[in-house]
Structures are given as structure tokens and as C-alpha cells.
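**Student:** Sequence first, then the predicted structure, then my questions.
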Amino acid sequence: GAAAPAAVSRVGLGRATPCVGGATGYTGGAFAGRRAAAGHTVRALAQTAETEAELRGRGHTPGPATLSDVDVLRQEAANADAVVWSVLSLNPADYPLMEGALAALNDALADSNKPLLYMGAGMIYASADEPIGEEGPPDRSDPVSVSGTRTERNALGGARRGGGHLGMPSRLGYGRSGWV
């Protein structure tokens, strides 16, 4: 497969046990699957009993939590060596919950220097202060664009609070033969 970009290599999870949100999805599933295949423990968040069973079947340890279980999410992040967040919904009703979940993870990781690898939908920028892309501002009439930009800025903003955060657009790690 392709070599990982230097920024991802610096995350250096080694034998660390990550907490993975989105482990049944395409990108998060590829990440969690590669960790498990290499013999690493993966703690994966599950929103339903069916998801818990699926995660066990993949060799992961499920942690029951929905997007609204912010106290549980904080505890999962505090207990993990790293957090990988690859949760995406195209349902606008989920956006406030996704933003709240990410804020809870940032709270738990503040001053910990633990990495948060945020694998969003491809709208990530180098810093929370950087202007939005070369193509101009997001389409404010598109709730996916508005929420995605706000969520990704929140993910990167956690780095200012002492978390070892890294944002990676999903398109950089897409596919099961790549380096994710």
C-alpha cells in the first residue's frame, strides 16, 4: 500500500488501545480492522445491540454509547490511549449530536496530549483559524457543509487545549488497501 503521510506517522499509536467511533463504517472500519488484524486491542463505540454484536464479530471490544451519551464518550476517551473519530451522518438532525459528541471528546482529551485522529468527510483544514479552502466559503444553505465545517474546526480546536489532535480528510485514507 501507499506510505502514510508524515503527519499520520507521527501519531505513533504503537501498541496503544484506541477508542474508535465509526468502526462499522467504511473508513473507521478499515482503521479498526487493520489494528485488530495486527493483534492490537480496539475499543469501538456501538450505538445499538446489533452494532455491539457486529463489533464483537470483527474482534473489537464494544463500548455502548450513542452520540448523546456525552458522559460515556468522555469516559471512553479518558480510558483510551487515543481516539479515532470517523463518524459521519448526512441526517441534519444528527449534526448537533455529532458536534456535542466531539466537544465531549475534546473535553476528555484536554491537557492529555493523547491523539484524536479525526477522519471527517474531506473538508478538514490545517488549523482552526485557516480560511475555508480556495473555492470560497461553504454553502451556508447546505446543512452538511455548515455542520461539517463547524465540526472539523471543533476537532482541530482541541489541539489548543493540549490534545494531540490530527485531522485527516477521509479521501486521503480511503480504501482497504491503503495505509489507514
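**Tutor:** That came through, no problem.
**Student:** wait, what's in contact with residue 87?
**Tutor:** Neighbour list for residue 87: 21-22, 25, 28, 67, 98, 101 [criterion: C-beta atoms under 8 Å, 6 or more residues apart in numbering]. Bear in mind the C-beta positions are built from the backbone N, C-alpha and C, glycine included.
**Student:** Oops, could you answer that again for residue 77 instead?
**Tutor:** By C-beta under 8 Å, 6+ apart, the neighbours of residue 77 are 19, 83, 104-105, 108-109, 114.
**Student:** Could you list the low-pLDDT ranges of this protein?
**Tutor:** 1-14, 120-140, 142-149, 151-153, 155-180 (pLDDT under 70).
**Student:** quick one: the helices in it?
**Tutor:** In the chain, the helices defined using DSSP state H lie at 6-9, 26-37, 49-57, 70-79, 95-109, 143-157.
**Student:** Redo these as JSON lines? Include distance to residue 63.
**Tutor:** Formatted as JSON lines, the helices of the chain follow (distance: least, C-beta to C-beta, whole Å):
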{"stretch": "helix 6-9", "distance to residue 63": "24"}
{"stretch": "helix 26-37", "distance to residue 63": "12"}
{"stretch": "helix 49-57", "distance to residue 63": "9"}
{"stretch": "helix 70-79", "distance to residue 63": "5"}
{"stretch": "helix 95-109", "distance to residue 63": "13"}
{"stretch": "helix 143-157", "distance to residue 63": "20"}
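**Student:** ok, how many other residues are close to residue 28?
**Tutor:** Using other C-beta atoms under 10 Å, residue 28 is surrounded by 24 other residues.
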